[in-house]
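Student: based on what follows, work out the 3D shape:
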Amino acid sequence: MEVCAPDGAVREYALGPHTPRMRPQDVELMHKLWLNITADPKFAGAHHYHIVALALEELQRELGTEERAQLLQKLQDEMAAPSRNELGP
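Tutor: Residues are numbered from 1 along each chain as shown. Alright, predicted model coming up:
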């Protein structure tokens, strides 16, 4: 939600779920994927959120297949990797 003050100042407030925290390496990977895709002029207008949306939709689709157990094992491995679980400042 945006609140506009009489002096023109605008303040933003999140009313829904909290914004997810991302590790620096996840942001870097997202950006690398974005650079790779937008190198094709056909996708020059893509935004980072398009990349995230595509990845999440693919994960959602794959969780409904025979790959589910393997994906969840990868998630468990990711959660257990101590050096990869550190968030930036």
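
Student: from here on, contacts and neighbour counts on C-alpha atoms
Tutor: Noted.

Student: return the helix or strand hosting L59 as PDB; C-alpha atoms alone will do.
Tutor: Following DSSP states H and E, one finds L59 within helix 48-62. Output of helix 48-62 as PDB, limited to C-alpha atoms (Å, rounded to 0.1, in the frame of the first residue of the first chain):
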ATOM      1  CA  HIS A  48      14.200 -10.500 -13.000                       C
ATOM      2  CA  TYR A  49      10.700 -11.300 -11.700                       C
ATOM      3  CA  HIS A  50       9.900 -13.000 -15.000                       C
ATOM      4  CA  ILE A  51      12.900 -15.300 -14.400                       C
ATOM      5  CA  VAL A  52      11.700 -16.100 -10.800                       C
ATOM      6  CA  ALA A  53       8.100 -16.600 -12.000                       C
ATOM      7  CA  LEU A  54       9.200 -19.100 -14.700                       C
ATOM      8  CA  ALA A  55      11.400 -21.000 -12.200                       C
ATOM      9  CA  LEU A  56       8.700 -21.200  -9.600                       C
ATOM     10  CA  GLU A  57       6.100 -22.400 -12.100                       C
ATOM     11  CA  GLU A  58       8.500 -25.000 -13.400                       C
ATOM     12  CA  LEU A  59       9.100 -26.200  -9.800                       C
ATOM     13  CA  GLN A  60       5.400 -26.300  -9.100                       C
ATOM     14  CA  ARG A  61       4.900 -28.400 -12.300                       C
ATOM     15  CA  GLU A  62       7.700 -30.800 -11.500                       C
END
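
Student: right, and the helix or strand after that helix?
Tutor: Helix 48-62 is succeeded, C-terminally, by helix 68-80 (DSSP H and E).

Student: for A81, phi and psi?
Tutor: Main-chain torsions, A81, degrees, to the nearest 10: phi -80, psi 100.

Student: number of nearby residues for it?
Tutor: 10 (other CA atoms under 10 Å).

Student: state the distance from it to D26.
Tutor: 14 Å (CA to CA, to the nearest Å).

Student: what do you get for L15?
Tutor: Distance check for L15 against D26: by CA to CA, it reads 25 Å.

Student: thank you kindly, that will do.
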